[in-house]
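Novice: give the three-dimensional model of this entry:
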Amino acid sequence: MQDIYPDMIKNLPEADIPFNGVRGWVAQGENHQIVFFDIEPIGEVPRHSHGAQWGMVIDGDMDLTIDGETKKYRKGDHYFIPDGVLHSAKFNRRTIVMDYFAESDRYKLK
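Specialist: Residues are numbered from 1 along each chain as shown. Here you go, the predicted structure:
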């Protein structure tokens, strides 16, 4: 998989993400963040919750568990995680996703 994101995305501020193998560039709004993720095959992201999240798989795939229900999301698929709902994800190969977070401080910037 080649680099997906053009310089206009890679020149955005980078998110401070607590997982090795995950990079994200943040488009910051007053009440939200849009994060353009590049995720290596890192395995499992533990169960957690936060504000509402809508996302789309740009390339690759992931197993996403939302409120106890697991589904594989592939290129072109989108998902919605309601505010406060527990969820986790598993990445077995490089995956590119774009996520909209309904909170302005989901990620701190590097």
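Novice: what's the separation between the residue nearest to Asn92 when sequence neighbours are not counted and Arg93?
Specialist: The spatial neighbour of Asn92 that comes closest, neighbours along the chain excluded (C-beta to C-beta, 6 or more residues apart in numbering), is Pro41 at 5.4 Å. The way it works is simple: take the backbone N, C-alpha and C, and place the C-beta from them, glycine included. Distance of Pro41 to Arg93, given as C-beta to C-beta, to the nearest Å: 5 Å.
Novice: burial check on Tyr107, number of neighbours?
Specialist: 19 (other C-beta atoms under 10 Å).
Novice: assumed it was part of a helix.
Specialist: No - going by DSSP: H, G, I helix; E, B strand; the rest coil, the assignment for Tyr107 is coil, not a helix.
Novice: leaving out sequence neighbours, find the closest residue to it.
Specialist: With C-beta to C-beta, 6+ apart, the residue lying closest to Tyr107 is Ala15, at 3.9 Å.
Novice: and if you look at Val45?
Specialist: Using C-beta to C-beta, 6+ apart, the closest residue to Val45 is Ala89 (4.6 Å).
Novice: can you pull the contacts of that neighbour?
Specialist: Neighbouring residues of Ala89 by C-beta atoms under 8 Å, 6 or more residues apart in numbering: Glu44, Val45, Met62, Asp63, Leu64, Thr65.
Novice: quick check: it is in a strand.
Specialist: Yes - counting by three-state DSSP, one finds Ala89 located in a strand.
Novice: and it, how far from Ile66?
Specialist: Using C-beta to C-beta, Ala89 is found at 9 Å from Ile66.
Novice: again, but for Val97
Specialist: The gap separating Val97 from Ile66 is 14 Å, by C-beta to C-beta.
Novice: show me which of the two is the more surrounded one.
Specialist: Counted by other C-beta under 10 Å, Val97 and Ile66 do not tie: Val97 has more neighbours, with 25 against 17.
Novice: which SS class is the more buried one?
Specialist: strand.
Novice: who does it bridge with?
Specialist: Bridge pairing for Val97 (DSSP bridges) gives the partners Phe37, Val57.
Novice: all set, thanks.
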